[in-house]
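1. 3D model of this:
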Amino acid sequence: MTRFAFGFDPAWRIPLLLFGVTPGRAFAEVREGELSVRFGFWSLRTPLSNIAGTTVTGPYSPWKVIGPHLSLADRGVTFGTNAGRGVCVRFRTPVPALAPGGFLTHPGATLTVSDTEGLVEALEQSRRT
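-> Residues are numbered from 1 along each chain as shown. Now for the predicted structure:
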């Protein structure tokens, strides 16, 4: 298992507490056959076989990325702790993350982890094996 911590912008640490997002409760894990993300009160899990691709993205507008967000354009989910960089993970089959009960699914997720290149490499390498 490889764990990737979210990269926190110090200016947003206090507001993110409202969502239960702390360094101990904001991470992505690449494990045997699975991507698992914890973001405060929210979580996302999907088999690595469901990942269609990854891209490093950013910078972003803070009001569009900080906290948990739903994109109205494509239903993608963003788990954001900084406006600098993140990883966009695209899924073959949309996955639940924001709404309880799984009735809202997302075709992609943007994760603002500290080590963006490391997460991309871990996902790509795990998908190849």
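
2. buried sites along stretch 63-71?
-> 65-69 (16 or more other C-beta atoms under 10 Å). C-beta coordinates here come from the backbone N, C-alpha and C atoms, glycine included.

3. make sure Phe91 is actually in contact with Thr54.
-> No: using C-beta atoms under 8 Å as the test, Phe91 is too far from Thr54 to be in contact (10.6 Å).

4. beyond the biggest strand by length in the chain, next helix or strand please.
-> Ordering each strand of the chain by length in residues (DSSP state E) puts strand 86-96 first. Next helix or strand after strand 86-96 toward the C-terminus (DSSP states H and E): strand 105-111.

5. mean confidence score for that following strand?
-> Strand 105-111 carries an average pLDDT of 98.

6. partner strands of it, with direction?
-> Partner strands for strand 105-111, per DSSP bridges, with pairing direction: strand 77-80 (parallel), strand 86-96 (antiparallel).

7. pull out the buried residues from it.
-> Within strand 105-111, the residues that count as buried by 16+ other C-beta under 10 Å are 106-111.
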